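# next comes the sequence, and after it the predicted model I'd like to discuss.
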Amino acid sequence: MAGLFENEATRPLADRLRPKTLNEVVGQDHLVGETGPIGRMVRAQRLASMILWGTPGCGKTTIARLLADVTDLHFEPISAIFSGVADLRKIFERARERRAMGQGTLLFIDEIHRFNRAQQDSFLPYMEDGTIVLVGATTENPSFELNPAVLSRSQVMVLKRLDEEGMQGLLVRAEQEMGFTLPLTEGARQSVIAMADGDGRYLLNMAEELFNLPPSEAMDSNELADVIQKRAPIYDKGQEGHYNLISALHKSLRGSDCDAALYWLARMLVGGEDPNFIARRLLRFAVEDIGLADPNAMSQALHAWQSFERLGSPEGELALAQAVIYLGTAPKSNAAYKAYNTSVVAAKETGSLSPPKHILNAPTKMMKDLGYGKNYAYDHNTKDGFSGQNYFPDNMPRHNFYQPVERGFEREVKKRLLYWDRLRQERQNS
């Protein structure tokens with residue numbers, strides 16, 4: 001029964017929308033559906049101890065609470081972060097008393113991987129004699145974080161991160177609860193889902209923040225970012241000359257004008273600039289603007305920095321000048337820089353997709369049973385030392401992030417990539 005001063009409107013939206021039955025749980029039909037292992041346990045009214053393994057906000061706590069309801073077990077929740085052996089002893093004692101009265105106890109331990117080995121061992125006698133049904137929740141791999149003895153007495157249930165359909169469903173529920181539609185364009189709505197990255201609770205918290213905004217026209221993605229993301233602080237304009245000169249040095253190097261670059265280097269050193277600041281920028285330039293067009297550029301920049309640190313000023317400044325000449329006259333390519341930036345965009349858009357199971361290691365039996373490492377082709381044992389297998393996440397199309405240029409060493413790299421692309425097509429076609 002709600003308290004005297006409690007009402008639905010004051011409860012967080014995520015709490016108000018918490019499923020009241022297992023059928024309302026989003027995205028976990030493979031576990032709680034009629035043919036799923038948890039669904040079968042519920043129908044038989046015989047609940048086994050289990051570990052719920054999944055990403056944040058996928059429904060672990062909700063499932064545990066609902067399991068207690070549908071099996072008439074007393075729900076005893078604790079967090080491994082804030083509890084110790086003394087707390088567990090009290091819980092086990094209360095569970096014994098309930099058992100004597102004819103009621104079982106479902107002990108739900110959030111962040112169970114936080115318990116150490118001794119704390120985990122304390123569960124075992126009470127799991128074995130039926131005093132408790134343990135339901136642990138973890139975001140970490142149980143094979144590495146939980147004692148084998150606990151795992152042997154539990155079933156590991158792998159929860160899926162919520163997909164786009166499930167997240168859309170949550171937003172619709174939220175809108176039905178609030179009685180009006182989120183003030184978002186379709187693109188902004190997709191952005192909210194992408195930001196949540198499979199976390200239903202985080203999605204609903206963002207939605208609640210948007211619901212509480214003053215009424216307005218539908219926001220697009222840019223306006224949404226202004227509302228729910230903080231801006232990074234800008235640079236101190238008092239140091240404008242400092243940044244202008246390093247920019248001039250960098251762009252002179254990019255333009256392969258080593259004489260102009262030497263001038264700006266000298267201007268900065270004469271003006272009292274920290275040589276370590278310059279050396280850091282030279283190393284950055286080597287990886288950003290030269291890359292694999294000349295793989296030795298990064299070594300030259302790093303060695304110049306190290307030489308300055310050992311020689312000190314003024315002799316060490318000659319090492320920086322030598323690096324400037326080398327970098328200014330080297331072939332240029334930003335292909336690696338562009339490839340990384342493009343891959344970052346793809347990583348943010350796709351969220352937390354798992355690697356395909358055939359390239360995952362399986363050091364434990366449980367992981368082997370889940371299909372980790374199955375059908376992996378060891379490239380060294382294949383023709384040409386190249387298997388052509390897929391290493392991107394399942395259902396994610398292949399991307400060619402790296403596009404080498406026809407300059408310097410990258411010309412040779414491009415030949416290799418084209419060769420492997422041809423072999424990959426041949427392997428896939430066969």
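Great, that's in hand.

# read off the pLDDT value for the most centrally placed residue in the chain.
The chain has S352 as the residue nearest its centroid, 5.2 Å off, counting by CA atoms, centre = their mean. As predicted, S352 sits at a pLDDT of 84.

# pretty sure it contacts D197?
Yes - between S352 and D197 there is a contact under CB atoms under 8 Å: 5.8 Å. All C-beta spots, glycine's among them, are computed from the backbone N, C-alpha and C.

# circling back: OK, contacts around the residue nearest to the centre of the chain?
T55, R161, D197, G198 (CB atoms under 8 Å, 6 or more residues apart in numbering).

# from those residues, pick the one nearest I246.
I246 lies nearest to D197 out of those, by CB to CB, at 35.6 Å.

# gap between the nearest residue to that closest one once chain neighbours are set aside and M41?
Using CB to CB, 6 or more residues apart in numbering and skipping residues adjacent in sequence, the residue nearest D197 is G351, 4.3 Å away. Distance from G351 to M41, counting by CB to CB, to the nearest Å: 30 Å.

# again, but for G255
In terms of CB to CB, G255 sits 69 Å off from M41.

# just Y337 next, same as before
53 Å.

# count of neighbours near A188?
Neighbours of A188 under the rule other CB atoms under 10 Å: 21.

# was I right about it contacting L224?
Yes - between A188 and L224 a contact is recorded at 4.5 Å, counting by CB under 8 Å.

# can you pull the contacts of the nearest residue to Y376 once chain neighbours are set aside?
Counting by CB to CB, 6+ apart, the nearest residue to Y376 once its immediate chain neighbours are dropped is H358, at 4.6 Å. H358 makes contact with G373, K374, N375, Y376, A377, Q389 under the criterion CB under 8 Å, 6+ apart.

# neighbouring contacts of the helix or strand of the chain with the lowest mean pLDDT?
Within the chain, no helix or strand scores below helix 221-228, which has a mean of 82 by mean pLDDT, DSSP states H and E. Helix 221-228 is contacted by residues L184, T185, G187, A188, S191, V192, M195, M206, E209, L210, L213, M219 when judged by CB under 8 Å, 6+ apart.

# give me the buried positions along that helix.
By neighbour count on 16 or more other CB atoms under 10 Å, the buried set for helix 221-228 is S221, L224.

# alpha carbons of that helix, in PDB - could you do that?
The C-alpha trace of helix 221-228 is given here as PDB (Å, rounded to 0.1, in the frame of the first residue of the first chain):
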ATOM      1  CA  SER A 221      19.000  15.500 -33.200                       C
ATOM      2  CA  ASN A 222      21.100  18.600 -32.800                       C
ATOM      3  CA  GLU A 223      18.700  20.200 -30.400                       C
ATOM      4  CA  LEU A 224      18.400  17.000 -28.500                       C
ATOM      5  CA  ALA A 225      22.200  16.900 -28.000                       C
ATOM      6  CA  ASP A 226      22.100  20.400 -26.500                       C
ATOM      7  CA  VAL A 227      19.500  19.300 -24.000                       C
ATOM      8  CA  ILE A 228      20.800  16.000 -22.700                       C
END
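
# immediately after it, which helix or strand?
helix 240-254 (DSSP states H and E).

# contacts for the following helix or strand past that next one?
On the C-terminal side of helix 240-254, the closest following helix or strand by DSSP H and E is helix 258-270. Helix 258-270 has contacts (CB under 8 Å, 6+ apart) with 245-246, 248-249, 252-253, 275, 278, 317, 320-321, 324-325, 327-329.

# could you find the closest non-adjacent residue to I91?
The nearest residue in space to I91 (CB to CB, 6+ apart) is E76, at 5.6 Å.

# that neighbour: how many residues sit nearby?
For E76, using other CB under 10 Å, the count is 17.

# now for the helix or strand containing it, which elements pack on it?
Assigned by DSSP H and E, E76 falls within strand 74-79. Packing contacts for strand 74-79, counted by 3 or more CB pairs under 8 Å, 6 or more residues apart in numbering; DSSP states H and E, involve helix 60-70, helix 85-100, strand 105-110.

# which of the contacts of H358 count as buried?
By 16+ other CB under 10 Å, the contacts of H358 give Y376, Q389 as buried.

# any weak-confidence spans in this structure?
Low-confidence segments of the chain (pLDDT under 70): 1-9, 229-241.

# at 50 instead, please
For the chain, the stretches with pLDDT under 50 are 1-5, 230-238.

# can you list contacts of the longest helix along it?
The longest helix of the chain (DSSP state H) is helix 410-429. Applying CB under 8 Å, 6+ apart, the set of residues contacting helix 410-429 from outside is 291-293, 331, 333, 335, 384, 386-388, 402, 404-406.

# mind listing what's buried in that helix?
For helix 410-429, by 16+ other CB under 10 Å, it's E410, V413, K414, L423, R424, R427.

# could you do stretch 105-117 as well?
Here stretch 105-117 shows T105, L106, L107, F108, I109, D110, E111, I112, H113, R114, F115 as buried, counting by 16+ other CB under 10 Å.

# give me the contact list for it.
Contacts for stretch 105-117 (CB under 8 Å, 6+ apart): 47, 51, 60-61, 64-65, 67-68, 71, 73-81, 91, 94-95, 98-99, 120, 123, 131-140, 142, 145-147.

# can you do 6 Å?
64, 68, 73-81, 95, 98, 132-138, 140, 145, 147 (CB atoms under 6 Å, 6 or more residues apart in numbering).

# may I have it as CSV, with CA atoms only?
Extracted as CSV, the C-alpha positions of stretch 105-117 are listed here (Å, rounded to 0.1, in the frame of the first residue of the first chain):
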residue,chain,number,x,y,z
THR,A,105,13.3,-17.3,0.3
LEU,A,106,14.6,-16.0,-2.9
LEU,A,107,17.9,-14.3,-2.1
PHE,A,108,18.6,-11.7,-4.9
ILE,A,109,22.2,-10.5,-4.9
ASP,A,110,22.9,-7.6,-7.2
GLU,A,111,26.5,-7.2,-8.4
ILE,A,112,27.2,-10.7,-7.1
HIS,A,113,30.7,-10.7,-8.7
ARG,A,114,31.7,-8.1,-6.1
PHE,A,115,31.6,-10.7,-3.3
ASN,A,116,35.0,-12.3,-2.6
ARG,A,117,35.6,-16.1,-2.6
